[in-house]
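Participant: structure, please.
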Amino acid sequence: MRGTRADLRKLLEPGVVALGFELVDVEMAGSHHSPTLRVYIDGPAGVNVDDCARVSRQLSALLDVEDPLPGQYTLEVSSPGLDRPLVTPQDFRRFIGETIKVKMQPPLQGRKNFSGRLVDVTADHVVVEVDKEHFDLAFDGMERARLVPRFRTSGVTGERDDR
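Facilitator: Here you go, the predicted model:
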């Protein structure tokens, strides 16, 4: 792949925003012989299948012209899901107080995985409380970060409790 994740974000974001959506994340998945470019989008009212199809058509045309990836690949456009990726400082700020999972590379204090309450966000790191201990996790050391969904104990299973 010639384009890095940041390069792909920079290329794709204007097309997603032009259609009224937020580009949440991009990732390459699958095998070397059958790669998949996954694009996660969100909107004020969420996203549906028609929204994903519209964004997919827009991005397909852009990717055909710019050709940032060698060979054939599959493009998937979807919602970020309940365990949405957290990528930008703005993503993290939006979810202060929520539980998140972060995988660090290289490890920090002998640990790679941190799961706890997001306490604070600065320009270069987040503070996560794990078992009453605070950890400063630098953005540049994060391999990935995701929101941990909260489910209601009563009511409809699978709905996010935003109270």
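Participant: ok, now how distant is the residue lying closest to residue 113 once chain neighbours are set aside from residue 61?
Facilitator: Excluding its sequence neighbours, the residue lying closest to residue 113 (C-beta to C-beta, 6 or more residues apart in numbering) is residue 103, at 5.6 Å. Backbone N, C-alpha and C define where each C-beta goes, glycine included. Note on residue 103: its distance to residue 61, by C-beta to C-beta, to the nearest Å, is 34 Å.
Participant: of the two, who's got more company?
Facilitator: residue 103 (17 against 11; other C-beta atoms under 10 Å).
Participant: quick check, pLDDT for the more buried one.
Facilitator: Looking at residue 103, its pLDDT is 97.
Participant: does it sit in a helix, a strand or a coil?
Facilitator: Per DSSP: H, G, I helix; E, B strand; the rest coil, the local secondary structure of residue 103 is strand.
Participant: how many residues are close by the closest residue to residue 99 other than its chain neighbours?
Facilitator: Ranked by C-beta to C-beta, 6+ apart and with sequence neighbours excluded, the top spatial neighbour of residue 99 is residue 148, at 4.1 Å. Look at residue 148: counted by other C-beta under 10 Å, it has 15 neighbours.
Participant: residue 148 contacts residue 86, doesn't it?
Facilitator: No: with contact defined as C-beta atoms under 8 Å, residue 148 and residue 86 do not form a contacting pair (10.5 Å).
Participant: any shared contact partners between the two?
Facilitator: Common contacts of residue 148 and residue 86 (C-beta atoms under 8 Å, 6 or more residues apart in numbering): residue 100.
Participant: how about the residue sitting nearest the centre point of the chain, what does it touch?
Facilitator: In the chain, the C-alpha nearest the mean C-alpha coordinate belongs to residue 85, at 2.8 Å (C-alpha atoms, centre = their mean). Shown in contact with residue 85 (C-beta under 8 Å, 6+ apart): 24-25, 27, 40, 91, 144-146.
Participant: equivalent analysis for residue 19, please.
Facilitator: Neighbour list for residue 19: 51, 54-55, 58 [criterion: C-beta under 8 Å, 6+ apart].
Participant: closest one of those residues to residue 152?
Facilitator: residue 51 (25.9 Å; C-beta to C-beta).
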